[in-house]
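# I would like to see how this sequence folds:
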Amino acid sequence: MSSQSPAHVPVPAHVVDPAGGCPHALNAELRARGPVAEVVLPGGVPAAVVLGHDALKEFLSHPDVAKDARHCPALRDGSIPADWPLRVFADAQGMHTADGADHRRLRSLVGNAFTARQVERLRPRIEELTDGLLDDLGRAAAQDPDGVADLRTHFALPLPMSVICELLGVDPEHRDRLHDLTYTVIIATDTTPAEVTAAVRELVGLLGTVAATRRAAPGEDLTSALIAAREGDGDRLSEAELIGTMRLMLVAGHETTLNLISNAVRALCTHRDQLDLVLAGRAGWSDVVDETLRWDGPVSWFPFRYPTRDLELGGTLVPRGTPVLAGYTAAGRDTAFHGPDADRFDVTRPGAARHLSFGQGAHYCVGAPLALLEATIALERLFTRYPGLDLAVPEPTLPHQRSFIGNSVHTLPVRPAPKRA
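Prediction:
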């Protein structure tokens, strides 16, 4: 990889901390050097991260960039060990690691379930779940001597988890364990190879159990539809593709929305003037969601894409086959695109919806309409029920996820007061 500073001195690669943490200071430091940075991932694996908005937009839809790990020689020739924890992002089979016709085939199998029209049909159920969880949040706070409840545990997690599991036909008794496993496999980046291997094995087995249940008793759910799906030549979805697609839907369907709701609540509680604008009707809840996706998106650096040829991007030559991460949180605060006040949370910001948090091009997030609907309903009903809701501890003391992939806090203790103090 080749990049130079203005003084023409080679810039050393940034060594990524597997513990992750709040990404914004690091993003600003790396982005100041250029829109693409050379990094070294845990395990000593050379890689790159695209940080600038324009560079990331170009990269995500570039015809010479692939998702299939066959285009990364280091994953095949032994340079990267078989037990590398991040290999899980390359080895999974599904539409998120497929290109071209394979990607279109796999995406078509789930796409109809996530159209804006189909998602809108879920509104009554999402509203019902939201109201029930707000009752639970209030009860949990009432039972605490200090009137505190963890918003992630009692609200931000169970809402999207319930919705996606109902869509997939996952029975309630599996849901807590599935969340724990997907967090270990996909979100946490300070895990050991043994921990990831064990979690992947258990996750695949548990999803296989769900699939077997739906084979034996098909229902009106997405897993049953995937099992029954056939292409024109009569081929079924392979077992690996089925499990990979279920895993993708499960992770993308709850982990990201969990972080989105959490980050929006943190932002509003620490920017009460912005909350007042929304409560006064001078901005909408969809504006809050878009600005949160831009300013503090739920996914920070997401693996992987691979240039299929040597690719110049933002003045940096990225060699063919390099594992590249999409720096969504970095692009969201790129002053070259979003203006000199990009670090400011502003729900009235023009053009906030031009963020890249859902991706770009053929791999644009298929579940975006569902995430937007869930987050908008959740925030509106949360602050309508509890307009005095506030953080129970100073925001800087909240423990951040130990991840450079996910971007949120690990817990979110709040006091869900019905009125302002």
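
# Run through the chain and note the low-pLDDT ranges.
Across the chain, the ranges flagged by pLDDT under 70 are 1-10, 230-235, 419-421.

# Select the longest helix from it.
helix 239-269 (DSSP state H).

# which helices and strands sit right next to the helix or strand following that one?
Helices and strands here follow DSSP states H and E; after helix 239-269, the next one along the chain is helix 272-279. Under the contact criterion of 3 or more C-beta pairs under 8 Å, 6 or more residues apart in numbering; DSSP states H and E, helix 272-279 touches helix 239-269, helix 285-295, helix 368-385. Any C-beta I mention is one placed from the backbone N, CA and C, and that applies to glycine too.

# Can I get these in CSV including distance to H400?
Formatted as CSV, the helices and strands packed on helix 272-279 follow (distance: least, C-beta to C-beta, whole Å):
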stretch, distance to H400
helix 239-269, 11
helix 285-295, 16
helix 368-385, 20
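
# mind checking which of those is nearest V163?
When these are compared by C-beta to C-beta, helix 368-385 sits nearest V163, at 6.4 Å.

# name the helices or strands packed onto that closest one?
Applying 3+ C-beta pairs under 8 Å, 6+ apart, one finds that helix 368-385 contacts helix 116-120, helix 123-142, helix 158-168, helix 239-269, helix 272-279, helix 285-295.

# could you say what helices and strands the next helix or strand after that helix packs with?
Proceeding N to C from helix 368-385, the next assigned helix or strand is strand 390-391, under DSSP H and E. Judged by 3+ C-beta pairs under 8 Å, 6+ apart, strand 390-391 is in contact with helix 239-269, strand 413-415.

# G111 is nearest to which of these?
The closest of those to G111 is helix 239-269. By C-beta to C-beta, the value is 11.5 Å.

# so what's S403 bridging to?
When bridges are taken as DSSP bridges, the partners of S403 come out as G20.

# gap between the residue nearest in space to the middle of the chain and I164?
Nearest to the geometric centre of the chain sits T256, at 3.7 Å (C-alpha atoms, centre = their mean). Distance of T256 to I164, computed by C-beta to C-beta, to the nearest Å: 11 Å.

# Pull the number of nearby residues for the closest residue to T245 other than its chain neighbours.
Excluding its sequence neighbours, the residue lying closest to T245 (C-beta to C-beta, 6 or more residues apart in numbering) is G94, at 4.7 Å. By the criterion of other C-beta atoms under 10 Å, G94 has 23 neighbours.

# Kindly report the same for P319.
P319 is flanked by 13 other residues according to other C-beta under 10 Å.

# Ok, E241 next?
Neighbours around E241, by other C-beta under 10 Å: 20.

# What are the boundaries of the helices in the stretch 1-150 of the chain?
Assigned by DSSP state H, counting those that start in this stretch, the stretch 1-150 of the chain shows helices spanning 24-31, 53-60, 88-91, 100-111, 116-120, 123-142.

# Check these for me and report the most buried one.
Of all the helices of the stretch 1-150 of the chain, helix 53-60 carries the top mean neighbour count, a mean of 22, counting by mean count of other C-beta atoms under 10 Å.

# First-to-last residue distance for stretch 304-316?
From its first residue to its last, stretch 304-316 covers 18 Å (C-alpha to C-alpha, to the nearest Å).

# hmm, back to that, would you list the helices of the stretch 1-150 of the chain in TSV and tack on distance to A217?
Output for these, formatted as TSV (distance: least, C-beta to C-beta, whole Å):
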stretch	distance to A217
helix 24-31	47
helix 53-60	40
helix 88-91	30
helix 100-111	20
helix 116-120	23
helix 123-142	21
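
# Skipping adjacent residues, who's closest to C365 in space?
The shortest distance from C365 to any non-neighbouring residue, by C-beta to C-beta, 6+ apart, is to F358 (4.0 Å).

# Any figure for the gap between the one you found and P81?
32 Å.

# again, but for D310
Remark: distance between D310 and P81 (C-beta to C-beta) = 25 Å.

# State the helix or strand in which the nearest residue to I243 once chain neighbours are set aside lies.
With sequence-adjacent residues excluded and distances taken as C-beta to C-beta, 6+ apart, I243 is closest to L207, at 5.1 Å. Assigned by DSSP H and E, L207 belongs to helix 193-216.

# Name the surrounding residues that touch that helix.
For helix 193-216, contacts defined as C-beta atoms under 8 Å, 6 or more residues apart in numbering pick out 81, 83-85, 88, 168-171, 174, 177-178, 181-182, 184-185, 191, 221, 223-224, 227, 239, 242-243, 246-247, 250.

# ditto for stretch 353-361
The contact list for stretch 353-361 (C-beta under 8 Å, 6+ apart) reads 53, 56-57, 60-61, 290, 293-294, 297-299, 326, 328, 331-332, 364-365, 368, 371.

# could you redo the last one with a cut-off of 6 Å?
Around stretch 353-361, the neighbours that count as contacts under C-beta atoms under 6 Å, 6 or more residues apart in numbering are 56-57, 60-61, 290, 293-294, 297, 328, 331-332, 364-365, 368.

# now stretch 384-398
For stretch 384-398, the surrounding residues in contact (C-beta under 6 Å, 6+ apart) are 134, 148, 269-270, 409, 413-420.

# What are the buried residues along that stretch?
R385, Y386, L389, D390, L391, A392, L398 (16 or more other C-beta atoms under 10 Å).

# Looking at these, which one is closest to C22?
In terms of C-beta to C-beta, no member of the buried residues of stretch 384-398 lies closer to C22 than L398, at 9.5 Å.
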